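Enquirer: need a 3D model of the sequence below.
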Amino acid sequence: MLNVEKHRTIQIQLPKEAQWAECSVSVADAGVPVISSDTVSRKWLSDCEKERALTVRHMERVADLANLEIACRRVISNKGSGGVDAMTVSELGNWFSGHWKELQQQLLSGSYRPQPVKTVVIPKPSGGQRMLGVPTVKDRLVQQAIHCRLSHSPSVNFPRYSPT
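Expert: Numbers count the residues shown, from 1 in each chain. This next block holds a predicted model:
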């Protein structure tokens, strides 16, 4: 039996761009927090802008060919089974060689959409079962590319991938 916790969702209404000088959060009639322009400090806004500057070109770094190549190699070395599209890990290298530009464009344009996750039921040693979600090999490639970029500094030079 799965233990599912219920989470409360909070909606925040943001002020117009010109009102971002200083803001505070208050709760509206329906319990929805509303940000108004009177209390958040200019330092906080400045810190937000600095943080945003660090992520401006993040997707370009994720979709960089060198990053995609290292991600492809890691997915192949991790092995594992394929997802709902039935592509195997051993087929990924050949697919990547012919489709990396298409994948790169989808990531940069925001049109990349992950496929549904294949559900597999695995028996537990103590009895019972647990559900396991298996993403497609292409989705694992994208996940690995994001992981590579988040876990390495932007100056790291990745070795080039050479398909067999």
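Enquirer: ok, Cys72 touching Glu91?
Expert: No. Assessed by Cβ atoms under 8 Å, Cys72 is found out of contact with Glu91, at 11.6 Å. No exception for glycine: its C-beta is placed from N, CA and C like everyone else's.
Enquirer: between those two, tell me which one has more neighbours.
Expert: Cys72 (25 against 13; other Cβ atoms under 10 Å).
Enquirer: got a list of what the more buried one touches?
Expert: Cys72 is in contact with Leu92, Gly93, Phe96, Leu141, Gln144, Tyr161, counting by Cβ atoms under 8 Å, 6 or more residues apart in numbering.
Enquirer: just after the strand or helix carrying the second one, pick out the following helix or strand.
Expert: When you say that, I think you mean Gly93. According to DSSP states H and E, Gly93 maps onto helix 89-109. Using DSSP H and E, the helix or strand that follows helix 89-109 in sequence is strand 118-123.
Enquirer: stretch 136-152: which residues count as buried?
Expert: Across stretch 136-152, burial judged by 16 or more other Cβ atoms under 10 Å covers Thr136, Val137, Lys138, Asp139, Arg140, Leu141, Val142, Gln144, Ala145, Ile146, Cys148, Arg149.
Enquirer: format the residues you listed as TSV; extra columns: secondary structure and pLDDT.
Expert: Supplementary listing: those in TSV, determined by DSSP: H, G, I helix; E, B strand; the rest coil; pLDDT from 0 to 100:
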residue	secondary structure	pLDDT
Thr136	coil	95
Val137	helix	96
Lys138	helix	96
Asp139	helix	96
Arg140	helix	96
Leu141	helix	96
Val142	helix	96
Gln144	helix	95
Ala145	helix	95
Ile146	helix	93
Cys148	helix	91
Arg149	helix	89
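Enquirer: Thr119: which of these is nearest?
Expert: Nearest to Thr119 among those, counting by Cβ to Cβ, is Thr136 at 13.0 Å.
Enquirer: how many residues are close by the residue nearest to that closest one when sequence neighbours are not counted?
Expert: In space, and not counting its chain neighbours, Thr136 is closest to Gly83: 3.6 Å by Cβ to Cβ, 6 or more residues apart in numbering. If you count neighbours by other Cβ under 10 Å, Gly83 ends up with 22.
Enquirer: likewise for Val117?
Expert: Around Val117 there are 14 residues (other Cβ under 10 Å).
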